[in-house]
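> give me a model of this one.
(one chain, ligands or ions: 2)
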Amino acid sequence: MIEKITVPLGNRSYPIIIGASILDSLGKHLLEINFPKRVAVISNSVVGQLYSEVVRKSLREADIEFLEIILPDGEEFKTLQTLEQIYNQLIRNNFDRSTGLIALGGGVIGDMVGFAAATFLRGVPFVQVPTSLLAQVDSSVGGKTAVNHSLGKNLIGAFYQPEMVLIDVETLNSLDPREVAAGLAEVVKYGVIKDKAFFEWLEKKYSDLQACQTDALIEAVKRSCQIKADIVEVDEKEGSIRAFLNYGHTFGHAVEALSGYGQWKHGEAVAIGMVVAARISLQQGLCNSDDVARIVALLKSLNLPVEPPEYSLEDYVAAMQRDKKVKHGTLTLVLNQGIGSVTLAQVPDISAVFSKILAP
Ligand code: NAD
Ligand code: GLY
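Ligands and ions are numbered 1, 2, ... in the order given. All right, here's what the predicted structure looks like:
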């Protein structure tokens, strides 16, 4: 069964195609959207090893000419230097405006290839083929593309939408279980911010999801992508409600920054951040203790961490003050109203709000 969602952005609208064992139909789907017949498939050493052969066969069957670019694996390579390697290969191989790029990999590859597509020759079309759960439910949809700078994550980037997202949930079978859990944290986020029924479904299906059961994965990916598409349709460039997607992220980013990137997976840090956000929401009277307990229980059942690592309040506050979401010293926090709805709250005194949550 193949599911299809549209991200409705006028003449930049695009399909998200979701299914199991559909990677071998990539070529056919590219022809359907009139994608260029000459492409560069950009992947990394891990994902390329696993899935390049299926992609090659599919492109040959569709008579699509391709160049393969294999990058080193890891967040530390999400840099301008690696981007230059992409540009070099494209230029040396005479890629022009009638060609396209395909990102085959997790969020690192997707973000980097998206930014390469946004900037090469002032913009060439690209397609996302996300292979990690985080990329399938979050980073491949919505057009945020970026590379990191030595002074911070995702500081150099652009909003640039793909022409299609093709999601094969079977690729998740080769993903490390810790990466699956990290992706599930973002799935839980969608339930908390937008869809109580989905949250309840997750409470029932968590073990199927952990086991990468196909039908459960398709449903979780579909509902997550639909929620993200609905938000991006209204607010593509994060002027308003797209900020809801940052639920749990402000504190999560602080955890990642304080521990040194890599110790916690992004999704794990977001899980901790969601619990902190839920506790602040309780403190502000926006939800009740049962809501907090349910969020904690679901995350725990998915083997995700829920307690903040022990850094001082001062360290946490300093880390949050460096967040992109702080303007003129005031932090905008996403807080949950019960489960299934969120609101934005301005926090001028970050220390006062977080001291009650982090105090032993
Ligand atoms: P990742 O791309 O590093 O993938 C995690 C690991 O899994 C890597 O080692 C990767 O090679 C491997 N992998 C991927 N698919 C695999 C598969 N099917 N089988 C085996 N191994 C596989 O990390 P990620 O969690 O996918 O993405 C994180 C990145 O996404 C960060 O750079 C973050 O900034 C970015 N991000 C972007 C957005 C956005 O909206 N653009 C949203 C969230 C996160
Ligand atoms: N991952 C948050 C966003 O796409 O806006």
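> name every strand pairing with the helix or strand bottoming out on mean pLDDT in the chain and say which way it goes.
The helix or strand of the chain with the poorest confidence is strand 326-327; it has a mean of 78 (mean pLDDT, DSSP states H and E). Paired strands of strand 326-327, with direction, are strand 330-336 (antiparallel) (DSSP bridges).
> so for stretch 349-360, mean pLDDT?
Mean pLDDT, computed over stretch 349-360, is 87.
> and what of stretch 1-18?
Averaging pLDDT along stretch 1-18 gives 97.
> pretty sure K4 is in a helix, no?
No: K4 is assigned strand when assessed by DSSP: H, G, I helix; E, B strand; the rest coil, not a helix.
> what ranges does the protein have for its strands?
For the chain, the strands defined by DSSP state E occupy 3-7, 14-19, 38-44, 65-71, 100-105, 126-130, 144-149, 152-159, 164-168, 326-327, 330-336, 342-347.
> let's have these in TSV, adding distance to ligand 1 and mean neighbour count.
Any C-beta I mention is one placed from the backbone N, CA and C, and that applies to glycine too. Converted to TSV, those look like this (distance: least, Cβ to the nearest ligand atom, whole Å; neighbours: other Cβ atoms under 10 Å):
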stretch	distance to ligand 1	mean neighbour count
strand 3-7	13	17
strand 14-19	14	22
strand 38-44	5	23
strand 65-71	10	18
strand 100-105	6	28
strand 126-130	7	29
strand 144-149	4	21
strand 152-159	5	15
strand 164-168	9	25
strand 326-327	19	12
strand 330-336	15	20
strand 342-347	17	16
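> would you reformat those strands as a markdown table and include distance to T214?
Formatted as a markdown table, these follow (distance: least, Cβ to Cβ, whole Å):
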| stretch | distance to T214 |
| --- | --- |
| strand 3-7 | 12 |
| strand 14-19 | 9 |
| strand 38-44 | 23 |
| strand 65-71 | 28 |
| strand 100-105 | 20 |
| strand 126-130 | 16 |
| strand 144-149 | 28 |
| strand 152-159 | 32 |
| strand 164-168 | 11 |
| strand 326-327 | 42 |
| strand 330-336 | 30 |
| strand 342-347 | 30 |
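> low-confidence ranges in the stretch 201-350 of the chain?
Low-confidence segments of the stretch 201-350 of the chain, defined by pLDDT under 70: none present.
> show me what contacts V165?
By Cβ atoms under 8 Å, 6 or more residues apart in numbering, V165 lies in contact with Y14, P15, I16, I17, V127, Q128, V129, P130, S140, V141, C225.
> let's see that with 6 Å instead.
V165 sits next to I16, Q128, S140, V141 when contact means Cβ atoms under 6 Å, 6 or more residues apart in numbering.
> L83 now?
Shown in contact with L83 (Cβ under 6 Å, 6+ apart): A116, V147.
> so what's the residue lying closest to V347 once chain neighbours are set aside bridging to?
Spatial nearest neighbour of V347, chain neighbours left out: L331 (4.5 Å); criterion: Cβ to Cβ, 6 or more residues apart in numbering. With DSSP bridges as the criterion, L331 is bridged to V326, V347.
> gap between L331 and ligand 2?
Per Cβ to the nearest ligand atom, to the nearest Å, L331 is found 17 Å from ligand 2.
> contact residues of the stretch 151-300 of the chain facing ligand 2?
Residues of the stretch 151-300 of the chain lying close to ligand 2 (Cβ under 6 Å from any ligand atom) are R242, L245.
> on that earlier part again, confirm for me that the residue nearest to V347 is in contact with D349.
No: if you go by Cβ atoms under 6 Å, L331 and D349 don't touch, sitting 9.4 Å apart.
> what about the least confident helix or strand of the chain, distance to the chain center?
Here strand 326-327 is found 23 Å from its chain centre; the criterion is Cα atoms, centre = their mean, to the nearest Å.
> which helices and strands sit right next to the helix ranked longest in the chain?
Ranked by residue count under DSSP state H, the longest helix found in the chain is helix 214-234. Under the contact criterion of 3 or more Cβ pairs under 6 Å, 6 or more residues apart in numbering; DSSP states H and E, helix 214-234 touches strand 3-7, strand 14-19, helix 177-194, helix 196-210.
> what packs against the second one?
Other elements packing on strand 14-19 under the criterion 3+ Cβ pairs under 6 Å, 6+ apart are strand 3-7, strand 164-168, helix 214-234.
> tabulate these (CSV), appending distance to V317.
Below are those laid out as CSV (distance: least, Cβ to Cβ, whole Å):
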stretch, distance to V317
strand 3-7, 37
strand 164-168, 37
helix 214-234, 29
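> to I156, which of these lies closest?
Closest of the helices and strands packed on strand 14-19 to I156 is helix 214-234, at 21.1 Å (criterion: Cβ to Cβ).
> contacts for that closest one next, please.
By Cβ under 6 Å, 6+ apart, the surrounding residues in contact with helix 214-234 are 3, 5, 7-8, 16, 18, 20, 136-137, 141-142, 167, 169, 187, 190, 194, 198, 205, 208-209, 241-242.
> can you tell if it touches ligand 1?
No: using Cβ under 6 Å from any ligand atom, helix 214-234 never reaches ligand 1; the gap is at least 8.7 Å.
> ok and that helix relative to strand 3-7, angle-wise?
10 degrees (axes from the mean of the first three to the mean of the last three Cα atoms, to 10 degrees).
> what's the angle from helix 214-234 to helix 196-210?
Using the same axes, to 10 degrees: helix 214-234 against helix 196-210 is 140 degrees.
> for helix 214-234, buried residues please.
Buried residues in helix 214-234, counted by 16 or more other Cβ atoms under 10 Å: 214, 216-229, 231-232.
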